[in-house]
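Chemist: Sequence and predicted structure are below.
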Amino acid sequence: MPLSPVLTVVVPMYDEQEVLPLFVERLRPLAESWGVPYEVLCVDDGSTDATPVLLQRLRREWPQLRVVRLRANSGHQAAISAGLSLARGDYVVTIDADLQDPPETIGEMLRVARAEGVDVVYGVREDRSSDTAFKRLTARAFYRSIRALSDVDARVDAGDFRLMSRATVEAVNALPESNRVLRLVVPALGFPSASVGYRRAPRAAGESKYPLTKMIRLSVDAVTGFSIAPLRFATWLGLLGGLAALVVLVYALVAMLLGNTLPGWTSTVVIVAAVGAVQLLALGILGEYVGRTYSALQARPAYFVAHDSLEQDAARGDEERPLPRPAASGQTRT
Ligand code: UDP
Ligand code: MG
């Protein structure tokens, strides 16, 4: 019976047959040098190439390699979520399979987490020069707008390469929402954190599994998951419309008084402008309530308990420190 792992490395994989052998070749010697029991949990996200076959073959030679296969391609974030819920380690690192995130950094993350006693260690991309200009531009727009729209203090350029403590992983697992954007969910928890910088390398082999459509879906999940700002849009339009209607009203009245209008024009214009404004405003108010219902439905816990002295006492043993006994009610005072 192998020791239960201290570190779990979660690796989402979708059609990664080209890069998988390179990844394992580079990760394994590093893993042996961490000096702790570990497991490498590969989440095969419904690959249709040779990835599952390769994984089964590799598993025979590497007992610490654990393979979980999802029934259908569910996406990067879902694959990581699956890995998080099955990981057994006291610490969990999530890393891409394509060697863009250097596995060498994992050891450093573990060291930082233990030395500083933090719950999360973010891998922060210090150099993205290996990414395409388009990727860098869209990524920048993504992080900027998320920071502006939501009140999550997500670190700029911290992707999904990070280490999390058991407490963090349990907290994430407890969230009821299914389309989690982990790079926002984790900082939103606000647990003590540190970060280590790394250079983002080019993909070692194969092609990106993140076409524009998936990038857009991630952004929509991020915005709608963390902000009801889009719903407020109608309110602002309504208020603007209301102002415009007032201006139109004044203009129409002046035009009527000056006598250069057709009969009926003034009332028509004013009604159209006013009704439009009122409708938008009503829509905005509706949106506000829909937004609140949505937040309630997400049911994000408001807090996570770090310590409970009662549990610590219980762990120390009851006979050592007996609970103070209330005086028996029948006792007589002499
Ligand atoms: N991935 C996944 N499911 C998907 C798409 C991607 O598990 O539907 C994995 C992929 O195998 C890789 C990681 O997510 O390990 C990041 O994907 P990729 O490198 O293609 O994204 P990029 O770096 O181009 O943004
Ligand atoms: Mg990649």
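Modeler: Nice, thanks for sending it over. The shown structure was predicted, so the numbers you read here are calculated from the model rather than taken from an experiment. Ligands and ions are numbered 1, 2, ... in the order given.
Chemist: Run a quick neighbour tally on Val248.
Modeler: Applying other C-beta atoms under 10 Å, we find 18 other residues in the vicinity of Val248. Where C-beta positions appear, they are placed from N, C-alpha and C, glycine not excepted.
Chemist: who's in contact with the nearest residue to it once chain neighbours are set aside?
Modeler: The shortest distance from Val248 to any non-neighbouring residue, by C-beta to C-beta, 6 or more residues apart in numbering, is to Ala273 (4.6 Å). The contact partners of Ala273, by C-beta atoms under 8 Å, 6 or more residues apart in numbering, come to Gly241, Ala244, Ala245, Val248, Leu249.
Chemist: Show me the residues you listed that map onto helices.
Modeler: Those of these mapping onto helices are Gly241, Ala244, Ala245, Val248, Leu249, per DSSP state H.
Chemist: how near is the last one to Trp236?
Modeler: As for Leu249, its distance to Trp236 is 20 Å (criterion: C-beta to C-beta, to the nearest Å).
Chemist: Quick check: Lys280 touching Leu243?
Modeler: I think there's a mix-up here, since residue 280 is Leu and not Lys. No - at 11.7 Å, Leu280 does not count as touching Leu243 under the criterion of C-beta atoms under 8 Å.
Chemist: Neighbour count: these two, which is higher?
Modeler: It is Leu280, of Leu280 and Leu243, that has more neighbours when counted by other C-beta under 10 Å, with 20 against 11.
Chemist: Quick check: phi and psi on the more buried one?
Modeler: For Leu280, the backbone dihedrals (degrees, to the nearest 10) come out as phi -60, psi -40.
Chemist: can you pull the pLDDT of Val124?
Modeler: At Val124, the pLDDT value in this model is 92.
Chemist: give me phi/psi at it?
Modeler: Val124 has phi and psi values of phi -110, psi 130 when expressed as degrees, to the nearest 10.
Chemist: Who is it paired with across the strands?
Modeler: Beta bridges link Val124 to Ala158, Gly197, judged by DSSP bridges.
Chemist: so how many other residues sit close to it?
Modeler: Neighbour count for Val124, taken as other C-beta under 10 Å: 17.
Chemist: And it, how far from ligand 1?
Modeler: The gap separating Val124 from ligand 1 is 16 Å, by C-beta to the nearest ligand atom, to the nearest Å.
Chemist: just the helices in the stretch 101-250 of the chain please.
Modeler: Assigned by DSSP state H, counting those that start in this stretch, the stretch 101-250 of the chain shows helices spanning 104-116, 133-149, 166-174, 182-189, 212-226, 229-258.
Chemist: Now the shortest one: buried residues?
Modeler: In terms of neighbour count (16 or more other C-beta atoms under 10 Å), helix 182-189 has its buried residues at Leu182, Arg183, Leu184, Val185, Val186, Pro187, Ala188, Leu189.
Chemist: Which elements pack onto it?
Modeler: If contacts are counted by 3 or more C-beta pairs under 8 Å, 6 or more residues apart in numbering; DSSP states H and E, helix 182-189 sits against helix 76-86, strand 120-127, strand 158-165, helix 166-174, helix 212-226.
Chemist: what's in contact with that helix?
Modeler: Here helix 182-189 has contacts from 77, 80-81, 94, 120, 146, 150, 152-155, 158-160, 162, 164, 168, 171-172, 175, 193, 222, 225-226, 300, 304, using C-beta under 8 Å, 6+ apart.
Chemist: low pLDDT regions in the stretch 201-334 of the chain?
Modeler: For the stretch 201-334 of the chain, applying pLDDT under 70 flags the ranges 301-309, 317-334.
Chemist: Close to ligand 2: what parts of it are there?
Modeler: Where proximity means C-beta under 5 Å from the ion, the stretch 201-334 of the chain presents no interface facing ligand 2.
Chemist: Quick check: the residue of the stretch 201-334 of the chain nearest ligand 2.
Modeler: Nearest residue of the stretch 201-334 of the chain to ligand 2 (C-beta to the ion) works out as Arg203 at 5.2 Å.
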